[in-house]
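> this one's structure only:
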């Protein structure tokens, strides 16, 4: 029963997200690219989407995090890291280039499956490949480092 | 610089609905509404809880359907349908764009939603750094593609 309720709210949250992106017209890549086209013809709308979302979240998030735990989970899974590293900046730069090229970030990409076109299939397929390949490589690097770590510790011991 | 196609009302209302979605997910599931993170866990399956991720993504698509259903034949206002939407570049750039979005959001652990909305709402310095990085590089990319290459 709890599982069913959990999934209902996951569906509700997803639907609200997709509806919000659609109302904000962020599913239109032309609007996204025009926001990034700040040096010539600029459409500031995307900034207002972020401001609207932030206004709700800046109030709601601290109130929610005051609770001991979420309604249907044991604990909040909020990133604890605070340090800025090469990965966060480098990843952001790569993502921004892709975002500027096609005008799609992951949310609008997936929401646009509701009116799928052959063009969208190319973007999504490429996104899936890019994500999978990167996760695969990162996992390999991660496990290689763990092995090296273990070897180092063994030497110390 | 010239301001074009500015839609502050639909942008702010749509943004608030997105914010509400993120609040629901945090309150109920204790998770951050970062789309690349949620989708990433499906594309490269992690050990636990696949189902809610798939259901959330199905919800995204459902939200898009609801929008089109409410829009009906309308082409203006808050619900103006999707008939006017088309991709802005050809297939090679769509593929390059999709690849880079996948690579970049995985390395940078987040996208516009996770860093730009949820992260900034938590005043995370990492998310601020990420948001500045992808905004700046997106703007430079569009500048190069639009102005210098004339695409």
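Received, thanks. Values in this document were obtained by computation on a predicted structure and should not be read as measured data. Numbers count the residues shown, from 1 in each chain, chains lettered A, B, ... in the order given.

> wait, doesn't residue A:9 sit right on residue B:26?
No - applying Cβ atoms under 8 Å as the test, residue A:9 and residue B:26 come out as separate, 10.8 Å apart. C-beta here means a position set from N, CA and C on the backbone, and glycine is covered the same way.

> what about those two, which has more around it?
Shown here are residue A:9 and residue B:26; by other Cβ atoms under 10 Å in any protein chain shown, residue B:26 has more neighbours (26 against 22).

> ok, and the closest non-adjacent residue to the more buried one?
Excluding the flanking residues, the one nearest residue B:26 by Cβ to Cβ, 6 or more residues apart in numbering or on different chains is residue A:64, at 5.1 Å.

> So for chain A, the centremost residue is which one?
residue A:106 (6.5 Å; Cα atoms, centre = their mean).

> That one: what's it in contact with?
A:127, B:35, B:36, B:39, B:101, B:105, B:111, B:112, B:113 (Cβ atoms under 8 Å, 6 or more residues apart in numbering or on different chains).

> Buried residues in the one helix or strand the first one maps to, which are they?
Element membership of residue A:127, judged by DSSP states H and E, is helix A:118-156. Neighbour counts over helix A:118-156 (16 or more other Cβ atoms under 10 Å in any protein chain shown) mark A:119-120, A:122-124, A:126-131, A:134-135 as buried.

> Do a quick rundown of the helices in the chain.
As the question left the chain open, I've gone with chain A. Under the criterion DSSP state H, chain A contains helices at A:2-23, A:29-36, A:45-65, A:86-102, A:106-111, A:118-156.

> That was the other one, I meant chain B.
For chain B, the helices defined by DSSP H cover B:8-29, B:35-43, B:51-71, B:91-107, B:120-121, B:125-143.

> Now mean pLDDT and distance to residue A:4 too, for those, in TSV please.
What follows is the helices of chain B, written out as TSV (pLDDT from 0 to 100; distance: least, Cβ to Cβ, whole Å):
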stretch	mean pLDDT	distance to residue A:4
helix B:8-29	96	13
helix B:35-43	95	19
helix B:51-71	96	11
helix B:91-107	97	31
helix B:120-121	90	29
helix B:125-143	96	33
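
> of all these, which lies closest to residue A:22?
Comparing those by their distance to residue A:22 (Cβ to Cβ), the top pick is helix B:51-71, with 3.6 Å.

> helices or strands up against the closest one?
helix A:2-23, helix A:106-111, helix B:35-43 (3 or more Cβ pairs under 8 Å, 6 or more residues apart in numbering or on different chains; DSSP states H and E).

> buried stuff in the last one?
Read that as helix B:35-43. B:35, B:36, B:37, B:38, B:39, B:40, B:41, B:43.

> just the longest one next, same as before
Burial within helix A:2-23, assessed by neighbour count using 16+ other Cβ under 10 Å, is assigned to A:6-7, A:9-23.

> same question, the shortest one
Judged by neighbour count using 16+ other Cβ under 10 Å, the buried positions of helix A:106-111 are A:106, A:107, A:108, A:109, A:110, A:111.

> what's the distance between it and the middle of its chain?
10 Å (Cα atoms, centre = their mean, to the nearest Å).

> Could you pull up the contacting residues of residue A:107?
Going by Cβ under 8 Å, 6+ apart, residue A:107 touches A:17, A:18, A:21, A:26, B:35, B:60, B:111, B:112, B:113.

> Tell me how far the closest residue to the last one other than its chain neighbours lies from residue B:60.
Going back to what we said before, that points to residue B:113. Counting by Cβ to Cβ, 6+ apart, residue B:113 lies nearest to residue B:35, which is 4.9 Å off, once chain neighbours are set aside. According to Cβ to Cβ, to the nearest Å, residue B:35 and residue B:60 sit 8 Å apart.
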